[in-house]
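S.K.: sequence first, then the predicted structure:
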Amino acid sequence: MPPERTSAARRTDGLVRSILSRHIPSILLLSLLLAEAGVGAFIIRDLNKSSESVQKMYNGSVQGLLKFGDLQYHAQETRRSTLYALTTNDGNLQVEYAEQSRQADRLVTEGIKDYLAGARTPRETEAGRHLAADWQSYLQVRDDVLGRILESSVKEAVQIDLTRGVPQFELVREDLSEIKKIYDEQASLHLATVRELSGASRIRLLTALGLGLLLGSVAIWGFQKLRVRSAVQLAKLQMDFVASVSHELRTPIAAILSAAENLRDGLVTRRDDIIQQSTVITDQAAQLANLVEQVLSFASTAESSQLHPLGNLRIDEVIDDALRSTASLLREAGFTLERQIQSGLPPVVGEFSVLSHCLQNLIANAVKYSSGNRWVRVSAGMDERSHQIQIRVQDHGIGIHDSDLPHIFEPFYRSPEVVTARIKGTGLGLSIAKRSAEAFGGTLAVSSQVGVGTVFTISLPAVGQESAPVQFSEASKIGDRV
Amino acid sequence: MRTGVSIQRILLPPLVVALCVVLTSHSVVHASRNNPSQSLAIVVNRSNPIDNLSFAELRKIFMGDRSHWSNGHRIAVVMLNYGQPERRTVLRLIYRMDEDGYQDHVLRGMFRGDVFVAPKTLASPEILRKFVFNAPGAIGYLRASDVDDSVKVVRIEGLSPEEEDYRLPIDERSPK
């Protein structure tokens, strides 16, 4: 028999291939989900950046523009109140206007200080310093004008305002315009950043939607293809099954008909010939009955309609029963049998006849798919790691291809090589055997190498182990043909 | 007992005399300083270089006989409203006129061109203080207790309002 390591590696490869082929749509959907999540994260990041930029724009430019508006208003108010004082001779009103002018100029001075304190670029600092200097110069002129007004030197006040006040205030205006220009440029910069981020988000969103649509379509196509392939596969299996069963039915029926016609037409008259023809009829009828029994057995197993009472079984007794039942088969096929059963094995929980039929199926398989080396070993022992009892049926037969290994337990499955070689069978035996083992809380595993041989291993929990099955199982009657 | 009575008779008279001396000297010290609320301070703009004025110069300025300060600024005399004790004091001590005489003086001066600008009349000491603060050539008067750092007090005849012999005590009597 082949070494276990090679078959394990092949099994892993096959498993991976099988998972990939069956789950491609799911993988696509998962990829879609991950892609959408990734793009979503990017979009959220962009939105956060946009929000920060807007916040910066508000804190920097918009709020700055609001402050600038106040600054401009108070500067105008400073000058306006001074000029109002020119319009009256009432000293009380003149004092009031002078006070208004001074209050406004204090606000402007504070505003300029705030601006300088918050200046972040050399250009802002420069503009702020210019404004501060020009504002102080204007205030000196303003004080002079106010003094002249209060001293009733109106003509001089007007003269000073026109010659010095107006140009100086114009410089202040220019400084304020420069500051406004800086604010506007900053606002434009922030706005451009926000637009850029919004554009990037839009592109990412569209990409994500397009990708989602594409991957979703591919996934749906994959799902549909899998369903169709499954349906086609099932139909093919059913057709193969019908053809196989028909062949299996026709062969004994033809033999029965032939023998019966010989008897009816009096073609056989001698006693020995009559006995031989009668034996053909009974043997073929029995084979026919077995076939019908196996089909019914599989159908009832699939429906899981029957429950079997379980009991503690001695493995050696089960194996011996199976060997007794297959003794004639092995003998006629010229097989050499090896029986190796570890002594003192604990019992297992199961149904005697079901487990025996399961073993018979595996032994019959060894005979059916034998090559020149007609040898079979049935062994049983305790696996100390898993605390399970393992029953192995090992042969030196033709072996099973890697590509067939994942499918041999599927109902009605028959490998192309087996069909080509016209080896009879229904494709139900291994499926029934696997279900039987699983019904008792165990497993049925296989390792094989083409041209070397095959090992089937039934693992069952020993009584007293945690994985012991429930008291009733859904296993049904097991047929004895594969 | 007799000894105790004799000690009291000996010590009591000097103690009474000493107490009288102390009380007298205290009242003398206080009498040498004027109460700020009872003196009239002459105030000018803080930029004005003038620190001291003779009473005669002060009268000239208020009468409108002098039009400019030494720094070139026009003199702007400011008065408080009619009926206030500070105004009455200025009219009585500086102008040496009653209200009618003052009005007559201003009108005549304006008419003749002797007074270029009539004194401005302001509603309250606070407004007057602000006026003087804003006008470099302004001169006005305030109760000494109403003065703050925004204006400058001018000494009259070398005396400040809180000093004894200061010549502008406020006349608190109501007009007849």
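M.R.: Received the coordinates, thanks.
S.K.: contact residues of chain A facing chain B?
M.R.: By Cβ under 8 Å from any Cβ of the partner chain, the residues of chain A that approach chain B are A:91-92, A:94-95, A:98-99, A:143, A:146-147, A:150-153. In short, each C-beta sits where N, CA and C put it, glycine included.
S.K.: need these in JSON lines (columns: secondary structure, pLDDT and neighbour count).
M.R.: As requested, these are exported to JSON lines (DSSP: H, G, I helix; E, B strand; the rest coil; pLDDT from 0 to 100; neighbours: other Cβ atoms under 10 Å in any protein chain shown):
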{"residue": "A:Gly91", "secondary structure": "helix", "pLDDT": "92", "neighbour count": "23"}
{"residue": "A:Asn92", "secondary structure": "helix", "pLDDT": "94", "neighbour count": "17"}
{"residue": "A:Gln94", "secondary structure": "helix", "pLDDT": "95", "neighbour count": "26"}
{"residue": "A:Val95", "secondary structure": "helix", "pLDDT": "95", "neighbour count": "28"}
{"residue": "A:Ala98", "secondary structure": "helix", "pLDDT": "95", "neighbour count": "25"}
{"residue": "A:Glu99", "secondary structure": "helix", "pLDDT": "95", "neighbour count": "15"}
{"residue": "A:Asp143", "secondary structure": "helix", "pLDDT": "94", "neighbour count": "19"}
{"residue": "A:Leu146", "secondary structure": "helix", "pLDDT": "94", "neighbour count": "24"}
{"residue": "A:Gly147", "secondary structure": "helix", "pLDDT": "94", "neighbour count": "24"}
{"residue": "A:Leu150", "secondary structure": "helix", "pLDDT": "93", "neighbour count": "28"}
{"residue": "A:Glu151", "secondary structure": "coil", "pLDDT": "91", "neighbour count": "24"}
{"residue": "A:Ser152", "secondary structure": "coil", "pLDDT": "89", "neighbour count": "20"}
{"residue": "A:Ser153", "secondary structure": "coil", "pLDDT": "89", "neighbour count": "20"}
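S.K.: the residue nearest the centre of chain B in helix, strand or coil?
M.R.: With distances taken as Cα atoms, centre = their mean, the residue of chain B nearest its centroid is B:Leu40 (1.9 Å). Under DSSP: H, G, I helix; E, B strand; the rest coil, B:Leu40 falls in the strand class.
S.K.: pull the contacting residues for it.
M.R.: Taking Cβ atoms under 8 Å, 6 or more residues apart in numbering or on different chains, we find B:Leu40 in contact with B:Glu86, B:Thr89, B:Val90, B:Leu93, B:Tyr141, B:Leu142, B:Arg143, B:Ala144, B:Pro161, B:Leu168, B:Pro169, B:Ile170.
S.K.: how close does it get to B:Ser124?
M.R.: Going from B:Leu40 to B:Ser124 by Cβ to Cβ, to the nearest Å gives 16 Å.
S.K.: gap between stretch B:116-130 and the chain center?
M.R.: Here the centre of stretch B:116-130 is set off from its chain's centre by 16 Å, with Cα atoms, centre = their mean, to the nearest Å.
S.K.: what comes up buried for that stretch?
M.R.: B:Val117, B:Pro119, B:Lys120, B:Leu122, B:Pro125, B:Ile127, B:Leu128, B:Arg129, B:Lys130 (16 or more other Cβ atoms under 10 Å in any protein chain shown).
S.K.: quick one: which two of these are the most distant?
M.R.: Across the buried residues of stretch B:116-130, no pair lies farther apart than B:Val117 and B:Pro125, at 21.4 Å, counting by Cβ to Cβ.
S.K.: with that, I have no additional questions.
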